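Novice: model this:
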Amino acid sequence: MEQPDVVLMDIAMPVMDGIESTRAIRDELPGTRVIVLTGSAATHDVARARAAGAAGYVTKDQIASDLVRAILDVAR
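Specialist: Residues are numbered from 1 along each chain as shown. Purely as a prediction, here's the structure:
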């Protein structure tokens, strides 16, 4: 099984949403860090992602350098 250091996760996905997927990854691969990358800046989505174990939350309207910084921060 692959064990990535960092996973970028969208909230809106078919079959299993990104919040449940984040929870599943964190349960199965506790060393893997998850960053939620999504179009939603709603505070309830941020809270749900954090409760599921997300290490970071980046909205798609942020510039690419913010995303790269978030990836490097959680990978440390």
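Novice: next, work out how far apart the closest residue to Q3 other than its chain neighbours and A52 are.
Specialist: Closest residue to Q3 apart from its sequence neighbours, by C-beta to C-beta, 6 or more residues apart in numbering: L29 at 5.6 Å. C-betas here are computed from N, CA, C, even on glycine. The gap separating L29 from A52 is 14 Å, by C-beta to C-beta, to the nearest Å.
Novice: which one's more surrounded, these two?
Specialist: Here L29 and A52 are compared on neighbour count by other C-beta atoms under 10 Å; more neighbours surround A52, at 21 against 16.
Novice: correct me, but that one touches R26?
Specialist: Yes: at 7.0 Å, A52 counts as touching R26 under the criterion of C-beta atoms under 8 Å.
Novice: one step back: if I look at the residue nearest to Q3, how far off is A47?
Specialist: The spacing between L29 and A47, counted by C-beta to C-beta, is 23 Å.
Novice: residue boundaries of the helices in this structure?
Specialist: For the chain, the helices defined by DSSP state H cover 18-28, 43-51, 64-75.
Novice: how far off centre is the shortest one?
Specialist: The chain centroid and the centroid of helix 43-51 are separated by 10 Å under C-alpha atoms, centre = their mean, to the nearest Å.
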